[in-house]
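model the structure of this input:
(chains A and B)
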Amino acid sequence: MQNSRHFVIVGILVILVAVLVNMGLDAAQLFPVKASIQAVPIDWMFDLQIKAISFFFALIMVPMVYSLVVFRRKPGETGEGAHFEGHTGLEITWTTIPLILVIGLGYLGAGNLAEVRAVDPQAMDVTVVGFQWGWRFDYPQGFSSNKLYLPVNKQVNLTLQSLDVIHSFWVPEFRVKQDLVPGETNYLRITPILIGEYKVRCAEICGASHAYMESPVIVVSQADYDAWLSEQVAAAQAAEAAAAGKPDSKRGAKLYEEKGCKACHSLDGAAGVGPTWKGLFGSNVELADGATVTADEAFLVESIKEPGATVVKGYPANAMPALGLKDTEIADLIEFIKTLK
Amino acid sequence: MKNSSSRGFITSLLFLVGGLVAGLLLGVILHALTTGKFSANYFTDVPSWMLGFLVGALAFFYGLLGYNGVVRGLVWQVVGTLSGAAFVTLVRWILDTVGGGEYTLFDLRNYGLSEPAWVFGGLVGALSFMAGVGAVGDWFKWAKGDETHDHHPEEPTWRTYFGVSLDHKVIGIQYTMTSLLMLSVGGLFALIFRTELALRLKPDGPSMDIISLNLYNSLMSLHGMVMIVSILLGIAGVINYLVPLLIGAKDMAFPRMNAFSYWVTIPAAVLLLGSLGFGGFDTGWTGYPPLATRAPLGMQMFYLGVWVAGWSSILGALNLITTVLRMRAKGMTAFKMPIFVWASLATSLISLTATQMIGLAFQLSMFQRLFGMPFFDVAKGGNPILFQHLFWFYSHPVVYVFVLPGLGVISELLPVFVRKPLFGYKWVAMSSIGIALVGFLVWAHHMFTSGMNEYLRVPFMYATLLVAVPTGVKFFSWVATLWQGKITREMPTPFLFLLGGIVVFLLGGLTGPPNATVATDLHLHDTYFIVGHFHDTMFGGYIFPFFAALYYWFPKATGKRLNETLGKWHFWLMTPSFLILTLGMMRIGLLGMRRRIADFDPTLGFDAWHVILTISAFGIALAVLIFFFNIYKTLKSSEKATGNIWDSRSPEWQVPSPMPAYNYEKEFEVVGEPYDYGLPGSTYVKM
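Prediction:
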């Protein structure tokens, strides 16, 4: 009889504590705003698990604390505890029920993942390029941006590529995350549902300045997006027209930042993965095969277009990716290199 | 070892300071020679300071011990490293001279600091240490046909612990002390980078205030691996000391291999910490290529250090399994073994079979850098994801290596303080084996965002969730053990640490499933939530039970009981500090705090949180300092505790403390169940 009274008290306390813990966690605002369709099923799953956590926390903590209070020896009390060594029925129960629960959770989790990965055939495309240490966003309309502009309520299929090491694309408000692996292409689908400014933050350690590898992500209305798009396209076309036959070192300097050149090539003579650009133009360069060439226009064009064609002595082969730059961009870059005496 | 070479503690401290200054100056001079100019900034060089620490430590131990034991090992390691590096340098110089090269031998910039030279030197240095300290000599004698002595049993003095001993009790204490030293070093690293995170002296833009980005990344990366090594040493210490006592064996099955397993961790630790002197590395403890391919030379020292330390795990596990299978006392059938022995067995099964994988992964990455073998280089047909599979095939199961012995300590000691049998002994024993086996099938849950094949994610989610089942059995059993007990009124320190361990491990366990379900993990992966979660599992599954074990068996090892008041200060300071630390980490992780970042975006609004977390970290450090002070004070005091002070049924408490050199004078026989508290007239063993 004594025992059943304990069980009743503990049972009531477990429910009470579980409810209180769950209320506390709900009130604590654990997550940033929900800014994508994908965040909806994910937050639903979080909510379910928080309920389970609250319950199991109470289920273990309450009888434990209760025992420590009620079954603690009174002052001066001696003697041993009740002698029971186990109960096979109980053991089977608390093995089987959790087993069913985790299989159920797995089943829900699989469906949940499918929801997060749902494909919209009308999705737009943007290529995300990560490098040490920055992001570049290539739009299919033929221009690049260092900010990710997205229209609201439209799925975007991000094509993820890395120029150097592993990075990871994460916008906390969108919830989902995907690594960028050099030499491979990964994809991530996101449907923004809330207009606002966010940041993509690299989540996989990628070297010294990993902490600072963040870029703006701007979700705007479809009309604003269209306006931005035509502005960018016009600017890109104008830039290309203006650049044709007129290479410009200022544009080259900008490309040096945006295209990831600076991850490997220094401007001040410092050692890097690739040769420094300081004093490069017109210098004599010793190649890995022993030959010496002059770093003239033709050599630099070839080195940028086909990085594997020649390898400078002392530097790793195949370290540089083919970037697919336009001829005008290459000319701008070479113009920039010329200025680096 | 001879007493005459001792110079006393105070003199040794002076040696330490002198060595530190000399090493630092040597580093500055070397730097000036290699660059051909001098700058006052050289005095803040990390490599010079590392050289200072090395020379200082050597001088300190030389003052204490003379040219003996660990001192000889370290000297041989230094000489071996330099010889190995010189050998490679010489070979390269000869090859280059033959080929008409332009470098001179003594141009350090071109040859002396080359990567192959130092890596080969590091390996030769580690082997030299083993020869110098004297941990391999007996095997060579056997090979020659010479006789060898069994060193033990002998009454150990404090000097015994600084040289090779074959006694499992001495080795157990050596492991434990080294573990506490590494715990302090790893903790110190954490305090340094947590202080950096708490400070924002430049309110706008990047704010690195006391250390550079590179040093932050190096310390953060080393914190992880130093703590892992510390944990492996700690469990090896407790297992080595206890298992032979619990099963009634005179020693471990292979005492020389046991000594080898311990001593090989010392050169490994030197290599690991030495990576700071070689430019550090910025990959985190995971060492993923291709970032690792671009990291400074410290990367290679890190890989090599872990590779060498792996031998300790593999051989130690082999030794333990043999000991448990072959050397149990009469009557100790499988289900009459103390539950801690089951946990040790489960943990050793993992160590024995999984450690090779991290060794292999690191070795392949090392070779990629050294020889251009492109295992993980996409451009040449390699695959960086392969490294992650190899790495996690060890590095996930190893977390069960860390926690199973700790959970074993909880199950072992709870009945003593509750005065009631362990509830469901067989189920608890089998749950350890179950966790060990399921643990092998879950590794890819660390790679849900990596871009591995999509169809792998769901099966690994199911497998990961399954771990909750045997883990749940343990929790339910502990609660059922407490139920209707006669719980010790005094709440002694080891019991508090057991309870703290259960609560903290519960938090770690409950925050696990959200990382297992793939979609939620897409948010949580690589955030502070994970950092909080696994610190809970490590503290609950290892640190708290480890302290419980130290407080509980300290009297067995020394004949003196640790001070209760200081013990309670230790517990009541560490527990809330730790809970605030990890719950705070989880909170900001959910809100967008990435892990492994040296600086964070001020617009996130986490500044106050980071100050709180750093203060909590210092709270934990202070608690551990109280523990060290407690050890010092207790060893100084003359109060004895030689009897069965916990009123335990376990065999080691049926003989006086400190444990006699021979363990048990006569072999005991198992005549009952290990945890039959409350069954009148029953005993576990007949002495």
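
which residues of the chain fall in strands?
Answering for chain A, as no chain was given. Using DSSP state E, the strands of chain A run over residues A:124-131, A:134-139, A:143-145, A:148-151, A:156-162, A:167-170, A:177-180, A:186-190, A:196-201, A:214-220, A:284-286, A:292-294.

could you do chain B instead?
With strands called from DSSP E, chain B shows them at B:669-670, B:685-686.

pick the most buried one from the strands of chain A.
Greatest average neighbour count among the strands of chain A goes to strand A:167-170 (a mean of 28), per mean count of other C-beta atoms under 10 Å in any protein chain shown. Every residue, glycine included, has its C-beta placed from N, CA and C.

need the residues of the stretch 201-341 of chain A near chain B, please.
Within the stretch 201-341 of chain A, the positions near chain B by C-beta under 8 Å from any C-beta of the partner chain are A:201-212, A:214, A:273, A:318.

and residue B:131, how many neighbours does it have?
Applying other C-beta atoms under 10 Å in any protein chain shown, we find 16 residues neighbouring residue B:131.

who are the neighbours in contact with it?
B:76, B:137 (C-beta atoms under 8 Å, 6 or more residues apart in numbering or on different chains).

go again using 7 Å as the cut-off
Contact analysis of residue B:131 by C-beta atoms under 7 Å, 6 or more residues apart in numbering or on different chains lists residue B:76.

for residue B:137, see how far away it is.
8 Å (C-beta to C-beta, to the nearest Å).

pretty sure residue A:39 contacts residue A:177?
No - Residue A:39 lies out of contact with residue A:177 (C-beta atoms under 7 Å); the separation is 11.9 Å.

tally of neighbours for residue 68?
Because you didn't say which chain, this covers chain A. Neighbour number of residue A:68 under other C-beta under 10 Å is 16.

that answer is for a different chain, and I need it for chain B
20.

against chain A, how distant is it?
Distance, residue B:68 to chain A, using C-beta to the nearest C-beta, to the nearest Å: 43 Å.

buried stuff in stretch A:71-85?
Of all the residues in stretch A:71-85, those buried under the rule 16 or more other C-beta atoms under 10 Å in any protein chain shown are A:71-73, A:80-81, A:85.

what's the answer for stretch B:412-427, then?
Using 16+ other C-beta under 10 Å as the burial criterion, the residues of stretch B:412-427 that qualify are B:412-425, B:427.

how about a markdown table for the strands of chain A, with distance to residue B:269 and mean pLDDT added?
A markdown table is the format used below for the strands of chain A (distance: least, C-beta to C-beta, whole Å; pLDDT from 0 to 100):
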| stretch | distance to residue B:269 | mean pLDDT |
| --- | --- | --- |
| strand A:124-131 | 35 | 95 |
| strand A:134-139 | 38 | 94 |
| strand A:143-145 | 48 | 90 |
| strand A:148-151 | 45 | 97 |
| strand A:156-162 | 34 | 96 |
| strand A:167-170 | 31 | 97 |
| strand A:177-180 | 32 | 96 |
| strand A:186-190 | 38 | 96 |
| strand A:196-201 | 34 | 96 |
| strand A:214-220 | 36 | 96 |
| strand A:284-286 | 43 | 86 |
| strand A:292-294 | 48 | 88 |
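
least trustworthy helix or strand in chain A by mean pLDDT?
Between all helices and strands in chain A, the lowest mean by mean pLDDT, DSSP states H and E belongs to helix A:249-258, at a mean of 83.

who's in contact with that one?
With C-beta under 7 Å, 6+ apart, helix A:249-258 has contacts from A:136, A:144, A:146, A:243, A:262, A:329, A:332-333, A:335-336, A:338-339.

quick check: buried residues in that helix?
Under the neighbour-count criterion of 16+ other C-beta under 10 Å, helix A:249-258 has A:249, A:251-253, A:255-256, A:258 buried.

now for those residues: which two are most distant?
A:249 and A:258 (14.8 Å; C-beta to C-beta).

what residues are up against the residue of chain B found nearest chain A?
Closest to chain A within chain B is residue B:378: 2.7 Å, counting by C-beta to the nearest C-beta. Counting by C-beta under 7 Å, 6+ apart, residue B:378 touches A:182-184, B:384.

scan these and report the most crowded one.
Of all the contacts of residue B:378, the highest neighbour tally under other C-beta under 10 Å goes to residue B:384, namely 27 neighbours.

picking up where we left off before, filter the contacts of helix A:249-258 down to the buried ones, PyMOL style.
To isolate the buried members of those in PyMOL, using 16+ other C-beta under 10 Å:
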select buried, chain A and resi 136+144+243+262+329+332+333+335+336+338
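
rebuild the contacts of helix A:249-258 as CSV, extending it with distance to residue B:488.
Converted to CSV, the contacts of helix A:249-258 look like this (distance: C-beta to C-beta, whole Å):
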residue, distance to residue B:488
A:136, 64
A:144, 69
A:146, 64
A:243, 83
A:262, 65
A:329, 77
A:332, 79
A:333, 76
A:335, 82
A:336, 76
A:338, 82
A:339, 79
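
wait, which of the contacts of helix A:249-258 is closest to chain B?
Closest approach to chain B among the contacts of helix A:249-258 (C-beta to the nearest C-beta): residue A:262, at 14.7 Å.

per-residue confidence at the closest residue to chain B within the stretch 101-250 of chain A?
Of all residues in the stretch 101-250 of chain A, residue A:183 sits closest to chain B, at 2.7 Å by C-beta to the nearest C-beta. What the model reports as pLDDT for residue A:183 is 88.

wait, it touches residue B:379, no?
Yes - in this structure, residue A:183 is within contact of residue B:379 by C-beta under 7 Å, at 6.3 Å.

what's the neighbour count on residue A:229?
Going by other C-beta under 10 Å, the residues that sit close to residue A:229 add up to 15.

leaving aside the residues next to it on the chain, what's closest to it?
Distances taken as C-beta to C-beta, 6 or more residues apart in numbering or on different chains place residue A:141 nearest to residue A:229, at 6.4 Å, with adjacent residues excluded.

need the phi and psi values for the one you found.
phi -70, psi 0 (degrees, to the nearest 10).

that one contacts residue A:231, correct?
No - contact criterion C-beta under 7 Å: residue A:141 and residue A:231 do not qualify, at 11.1 Å.

so what's the residue nearest the centre of chain A up against?
Closest to where the C-alpha atoms of chain A average out (C-alpha atoms, centre = their mean) is residue A:169, at 2.1 Å. Residues near residue A:169 by C-beta under 7 Å, 6+ apart: A:128, A:158, A:160, A:177-178, A:180, A:188, A:200.

if we check chain B, which of these are in contact?
Counting by C-beta under 7 Å from any C-beta of the partner chain, A:177-178 from the contacts of residue A:169 sit close to chain B.

and residue B:580, how many neighbours does it have?
Counted with other C-beta under 10 Å, residues neighbouring residue B:580 total 17.

please name the nearest non-neighbouring residue to it.
residue B:616 (4.5 Å).

okay, now that neighbour: neighbour count?
22.

same check on residue B:353?
15.

got a list of what residue 158 touches?
In the absence of a named chain, this looks at chain A. A:126, A:128, A:169, A:187-188, A:190 are the contacts of residue A:158 under C-beta under 7 Å, 6+ apart.

hm, I was asking about chain B
Shown in contact with residue B:158 (C-beta under 7 Å, 6+ apart): no residues.

got the residues of the stretch 151-300 of chain B near chain A?
Counting by C-beta under 7 Å from any C-beta, the stretch 151-300 of chain B sits next to chain A at B:206, B:213-214, B:217, B:282-284, B:288, B:290-291, B:294.

the residue nearest to the spatial centre of chain B and residue B:237: what is the separation?
In chain B, the residue lying closest to the centroid (C-alpha atoms, centre = their mean) is residue B:230, at 1.9 Å. Remark: distance between residue B:230 and residue B:237 (C-beta to C-beta) = 10 Å.

give me the common contacts of the two.
By C-beta under 7 Å, 6+ apart, the residues touching both residue B:230 and residue B:237 are residue B:179.
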